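Undergrad: attaching a predicted model along with its sequence, questions to come.
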Number of protein chains: 2
Amino acid sequence: MSPALSPRWKRLEPDERREQILECAARLFGERPYAEVSTTDIAKEAGVARGLLNHYFGQKRDLYLKVVKRMLLMPGLEASVTMTGTLRERVEKSVEWYLDTVATHGKTYVAVTGMGGIGADPEVERIISEADDVAAARTLEFLGLKIEVGSDARHRAMMRSYGGLVKATIREWIRGGTLSREDAHLLLSEALIVIVRDVFPQLAQQAAPARGEARAPKSGPKR
Amino acid sequence: MSPALSPRWKRLEPDERREQILECAARLFGERPYAEVSTTDIAKEAGVARGLLNHYFGQKRDLYLKVVKRMLLMPGLEASVTMTGTLRERVEKSVEWYLDTVATHGKTYVAVTGMGGIGADPEVERIISEADDVAAARTLEFLGLKIEVGSDARHRAMMRSYGGLVKATIREWIRGGTLSREDAHLLLSEALIVIVRDVFPQLAQQAAPARGEARAPKSGPKR
DNA sequence: CTTGCTGTTGACGGTCCGCCAACAAGCTAC
DNA sequence: GTAGCTTGTTGGCGGACCGTCAACAGCAAG
């Protein structure tokens, strides 16, 4: 009588299924906090049995980690051109690029990047920190600041700190709208410039054995 | 025979009990992520029945909120003296104060402040954002920058962004040890100075109807 | 149609949490 | 001292969520 008796569920290649689940999970984690997204919700969203999530991703936390990873590892800025020009020009360009990429990802990025994670989970922090480190290294390279490897760790740490400023500023811009894009651009550019131009040299100076007045005004009578 | 038959549990004043539970909760939330601290753990730590937590604090999340609140609302810097002096002096002093207070709270502060929260929970974010706002307002006031109320919102937003830099820098310092205290001091001071000195005036300039070259170098031939 | 591989399901056991009726610590009155 | 009352505290019930695993079924090969 009924010609097809359409099967109750369709069989997919593992990669397809994984991808589909990952998309649904990313959407849900983007609009609700981790604790309020149950695996049942994700499974229902994907039209799939709940056990399948564990089969493909293990723990719920692992699935979340995959989502975070995907959101953080964005296309790099190596695509940009040679980047010659003044320091200010290069800084402005890199800031511009960063704001662009974030603007496309929108709220999901903010939700994941912010305090929007699972919370102090070492694994999650490792992932985010890793992504921050990549961004920091890229920015340094982008600015043409391949300094000696000795102080590289500290410079990277500085850039990770700067990443904190970037995230907070972006949150102000995307979420609250308390800052316009121009405001964000201005703030991030000026800060990055002062870090590269004033902090890094003084850092090298501090690193030297003889350090007397490292924090001296130095540009004191300027304004 | 036994003279007292000591009662199985002691009866405390509500405020005392609340305080005791809050302390234990703060300790546990400081050393483990939210999801891995069960109410059973807290109750056991406090030597109390689990149901009592709900009786005093409602949801587990509410208890966590209380902990966060306590950790964030630190003694203000109004205790400091009159604060006259150059901009750099005031900035250095406020940064110093911030680093001091954080140093005393140590890891728990970092755990709570960082992405160490419950995760994208609107309520938690509101609390943290509120605390950030207080810190921002205090810093502005501390620096003697009581600007007109019109652009106050944007200045506050800027200072909240700066707070992101502060937190990230402190994390680098406290946790990884990738930055020394001197590094943190230097980075935060320079950034704050450039924001107050260069960004704010340009902001006001942007706000004006006519804006031509708001992001012009302005302090160009300096180094 | 039958067989077999494997993607998928559904239920079981365990943990965690919010709620609430019952219990008992300790003060008061007699 | 003891009966009684107030209320801080307990312990268990019901529900939600999650990880695991044996059984099931889509679907291609023979």
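TA: Received, thanks. Numbers count the residues shown, from 1 in each chain, chains lettered A, B, ... in the order given.

Undergrad: for the rest of this, base every contact and every neighbour count on C-alpha atoms.
TA: Fine.

Undergrad: send the alpha carbons of the helix or strand hosting A:Leu52 over as PDB?
TA: Assessed by DSSP states H and E, A:Leu52 sits inside helix A:50-57. Extracted in PDB, the C-alpha atoms of helix A:50-57 (Å, rounded to 0.1, in the frame of the first residue of the first chain):
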ATOM      1  CA  ARG A  50      21.000  12.000  22.600                       C
ATOM      2  CA  GLY A  51      23.400   9.100  22.900                       C
ATOM      3  CA  LEU A  52      24.800   9.900  19.500                       C
ATOM      4  CA  LEU A  53      26.400  13.100  20.800                       C
ATOM      5  CA  ASN A  54      28.500  11.100  23.200                       C
ATOM      6  CA  HIS A  55      29.300   8.600  20.500                       C
ATOM      7  CA  TYR A  56      30.800  11.300  18.300                       C
ATOM      8  CA  PHE A  57      32.100  13.800  20.800                       C
END
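
Undergrad: in that helix, what counts as buried?
TA: For helix A:50-57, the neighbour count (16 or more other C-alpha atoms under 10 Å in any protein chain shown) marks A:Arg50, A:Leu53, A:Phe57 as buried.

Undergrad: equivalent analysis for stretch A:27-40, please.
TA: The neighbour-count check on stretch A:27-40 (16+ other C-alpha under 10 Å) flags A:Leu28, A:Phe29, A:Gly30, A:Arg32, A:Pro33, A:Tyr34, A:Val37, A:Thr39 as buried.

Undergrad: the first one against A:Ile42, yeah?
TA: Yes - A:Leu28 is in contact with A:Ile42 according to C-alpha atoms under 8 Å; the separation is 7.2 Å.

Undergrad: what pLDDT is listed against the closest residue to A:His155 other than its chain neighbours?
TA: Closest residue to A:His155 apart from its sequence neighbours, by C-alpha to C-alpha, 6 or more residues apart in numbering or on different chains: A:Phe200 at 7.4 Å. Note on A:Phe200: pLDDT of 75.

Undergrad: now the most centrally placed residue in chain A. Nearest residue, chain neighbours left out?
TA: Nearest residue to the geometric centre of chain A (C-alpha atoms, centre = their mean): A:Leu72, 4.5 Å. In space, A:Leu72 comes closest to A:Ala131 once its chain neighbours are excluded; the distance is 6.2 Å by C-alpha to C-alpha, 6+ apart.

Undergrad: surely the one you found meets A:Arg70?
TA: No - checked against C-alpha under 8 Å, the pair A:Ala131 and A:Arg70 is beyond contact range at 10.4 Å.

Undergrad: higher neighbour count, the two?
TA: Taking other C-alpha atoms under 10 Å in any protein chain shown, A:Ala131 and A:Arg70 do not tie; A:Ala131 has more neighbours (19 against 12).

Undergrad: sort out which residues of the one helix or strand that one maps to are buried, please.
TA: Of the helices and strands defined by DSSP H and E, A:Ala131 is found in helix A:122-142. Neighbour-count burial for helix A:122-142 flags A:124-125, A:127-128, A:130-140, A:142 (criterion: 16+ other C-alpha under 10 Å).

Undergrad: now for those residues, which pair is the farthest apart?
TA: Across these, the longest distance by C-alpha to C-alpha is 26.7 Å; it joins A:Val124 and A:Phe142.

Undergrad: domain parsing of chain A, as residue ranges.
TA: As recorded under automatic domain parsing, the domains making up chain A are A:14-70, A:73-206.

Undergrad: hey, which of those is tucked in deepest?
TA: With neighbours defined as mean count of other C-alpha atoms under 10 Å in any protein chain shown, the domains of chain A peak in mean count at domain A:73-206, which reaches a mean of 18.

Undergrad: so the one helix or strand A:Leu28 maps to, near DNA strand C or not?
TA: Per DSSP H and E, A:Leu28 falls inside helix A:14-31. Yes - using C-alpha under 7 Å from any atom of the strand, helix A:14-31 comes into contact with DNA strand C via A:Pro14, A:Arg17.
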